[in-house]
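**Student:** heads up, no residue letters with this:
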């Protein structure tokens, strides 16, 4: 490269620096101010929304939208400082956005369903729900998925679009047990029902309000069947089932209340052959 070319390159660089240097510095300054302000605004929104009863994903979403909008405003100002034509840029972004939206239909479906769940609140964190052939305690509600904790201590991650429009069974914070016990036909039913009420009153896992449902439900072949249906906290469902079954067996044994085995009477008929 000869000296004349080097000199021309220097002149060109100096000319570009003189023409665009101040604009570039101004654009960088505007972006720096925009980033700082968006962070400050995000923290301010977080503090303000903490006083409002909103789900955590909603607070996070509103805070992020506020940051992005403010930062986008400063980016537009910076581009205008550089002399960039915004209309062609916006048109190009629109076309690109349409293509991205078409390619990410499933993700966008999860997002829309997540927003619907967050704002309509068909369930909350801590509720026990059954949906889409799965059940568990709601541990997290995110924009794209909902996380359930299963009784076997595994975690179930369900895309939100699989929840929206499905039949949802929300047990809330408590579940009702359904224990059935049979007693002999010669049993004093009043004494048996009283014993069941006593053992439920003594169980610390059983919720007292609403009161447990205890009633005779069926006259079976070899026993009178009694349904025992107390409510317990969601987290105590498994342990309470075991406790109540054991308490019923021990209480009935101690009070002489018989839980009969299934019985069949068989008669042998002797026939005469001619």
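**Tutor:** Arrived safely, thanks for sending. Everything numeric here is computed off the predicted structure, so don't read it as measured data.

**Student:** For this structure, name the helix or strand with the lowest mean pLDDT.
**Tutor:** Using mean pLDDT, DSSP states H and E, helix 86-103 stands out as the lowest-scoring helix or strand of the chain, at a mean of 58.

**Student:** and the next element down the chain from that helix?
**Tutor:** Next along the chain after helix 86-103, taking DSSP states H and E as the criterion, comes helix 105-120.

**Student:** Just give me how far that next one sits from the chain centre.
**Tutor:** In this view, helix 105-120 has its centroid 12 Å away from the chain centroid, taken as CA atoms, centre = their mean, to the nearest Å.

**Student:** helices or strands up against that helix?
**Tutor:** Helix 105-120 makes packing contacts with helix 56-81, strand 134-141, strand 145-149, strand 155-159, helix 160-163 when contacts are defined by 3 or more CB pairs under 8 Å, 6 or more residues apart in numbering; DSSP states H and E. C-beta here means a position set from N, CA and C on the backbone, and glycine is covered the same way.

**Student:** Return the distance of residue 237 relative to residue 256.
**Tutor:** Relative to residue 256, residue 237 is positioned 31 Å away (CB to CB, to the nearest Å).

**Student:** With residue 153 instead?
**Tutor:** 40 Å.

**Student:** Compare these two (neighbour count), which wins?
**Tutor:** Summary of the neighbour comparison: residue 153 and residue 256, criterion other CB atoms under 10 Å, with residue 256 having more neighbours (9 against 6).

**Student:** tell me the secondary structure for the more buried one?
**Tutor:** With DSSP: H, G, I helix; E, B strand; the rest coil as the basis, the three-state label of residue 256 is coil.

**Student:** The one 3 residues further on now?
**Tutor:** Of the three states, residue 259 takes coil according to three-state DSSP.

**Student:** Can you get me a residue count around it?
**Tutor:** If we define neighbours as other CB under 10 Å, then residue 259 has 14 of them.

**Student:** Next, the contact list for residue 244, please.
**Tutor:** Contacts here follow CB atoms under 8 Å, 6 or more residues apart in numbering; on that basis residue 244 touches 177, 179, 199-200, 203, 206, 228, 230.

**Student:** tell me which residues of the host helix or strand of it are tucked away?
**Tutor:** In this assignment (DSSP H and E), residue 244 forms part of helix 237-254. Neighbour counts over helix 237-254 (16 or more other CB atoms under 10 Å) mark 237, 240-241, 243-244, 247-248, 251-252 as buried.

**Student:** can you redo those residues as TSV with pLDDT and distance to residue 164?
**Tutor:** Written out in TSV, the entries for the buried residues of helix 237-254 read as follows (pLDDT from 0 to 100; distance: CB to CB, whole Å):
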residue	pLDDT	distance to residue 164
237	86	27
240	91	33
241	91	32
243	91	38
244	93	37
247	93	42
248	93	42
251	92	47
252	92	48
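
**Student:** Let me have the residues you listed in a markdown table, adding distance to residue 139 as columns.
**Tutor:** As requested, these are exported to a markdown table (distance: CB to CB, whole Å):
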| residue | distance to residue 139 |
| --- | --- |
| 237 | 16 |
| 240 | 21 |
| 241 | 22 |
| 243 | 25 |
| 244 | 27 |
| 247 | 31 |
| 248 | 33 |
| 251 | 36 |
| 252 | 39 |
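
**Student:** Among these, which one lies nearest to residue 113?
**Tutor:** Using CB to CB, residue 237 is the member of the buried residues of helix 237-254 that lies nearest residue 113, at 28.0 Å.

**Student:** Not counting sequence-adjacent ones, nearest residue to residue 136?
**Tutor:** Leaving out its chain neighbours, the residue that sits closest to residue 136 by CB to CB, 6 or more residues apart in numbering is residue 148, at 3.2 Å.

**Student:** How about residue 144?
**Tutor:** Nearest to residue 144 is residue 110, by CB to CB, 6+ apart, at 4.3 Å.

**Student:** how many other residues sit next to that neighbour?
**Tutor:** Once other CB under 10 Å is used to define contacts, residue 110 is seen to have 23 neighbours.
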